[in-house]
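A.B. asks: Next input, structure requested:
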Amino acid sequence: MITLTTLRNAPLVLNAILIESVRATPDTTIQLVGGQIYVVKESMEEVKAIAISFYQQIGLAGLNSMRRLEDGRRKEEE
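C.D. replies: All right, here's what the predicted structure looks like:
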């Protein structure tokens with residue numbers, strides 16, 4: 001879960017795994033996979049950094065990179 005700030009300065013806790021898209025329109029708008037839309041004070045880049053940090057904390061960041069690296073090693077061994 002990540003904590004962001006609404007335009008009314010209220011904390012907003014979102015499940016970062018459910019984020020489908022983040023847009024700057026010019027306010028930062030987050031759309032979840034269920035269709036819910038939230039507008040937050042943080043910039044698009046801040047939301048991205050917060051989400052990546054969360055993914056790293058729970059071990060989701062870099063999984064594809066690690067798999068590609070492992071696949072490359074297997075091909076070299078063959």
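
A.B. asks: all strands of this protein, in order?
C.D. replies: For the chain, strands defined by DSSP state E occupy the ranges 2-5, 11-14, 19-24, 28-32, 37-40.

A.B. asks: for the first one, packing partners?
C.D. replies: Going back to what we said before, that points to strand 2-5. Using 3 or more Cβ pairs under 8 Å, 6 or more residues apart in numbering; DSSP states H and E as the contact definition, the elements that strand 2-5 packs against are strand 11-14, strand 37-40, helix 44-57. The way it works is simple: take the backbone N, C-alpha and C, and place the C-beta from them, glycine included.

A.B. asks: Mind doing that once more with 10 Å?
C.D. replies: Counting contacts by 3 or more Cβ pairs under 10 Å, 6 or more residues apart in numbering; DSSP states H and E, strand 2-5 is packed against strand 11-14, strand 28-32, strand 37-40, helix 44-57.

A.B. asks: ok, now the second one?
C.D. replies: With contacts taken as 3+ Cβ pairs under 10 Å, 6+ apart, strand 11-14 sits against strand 2-5, strand 28-32, strand 37-40, helix 44-57.
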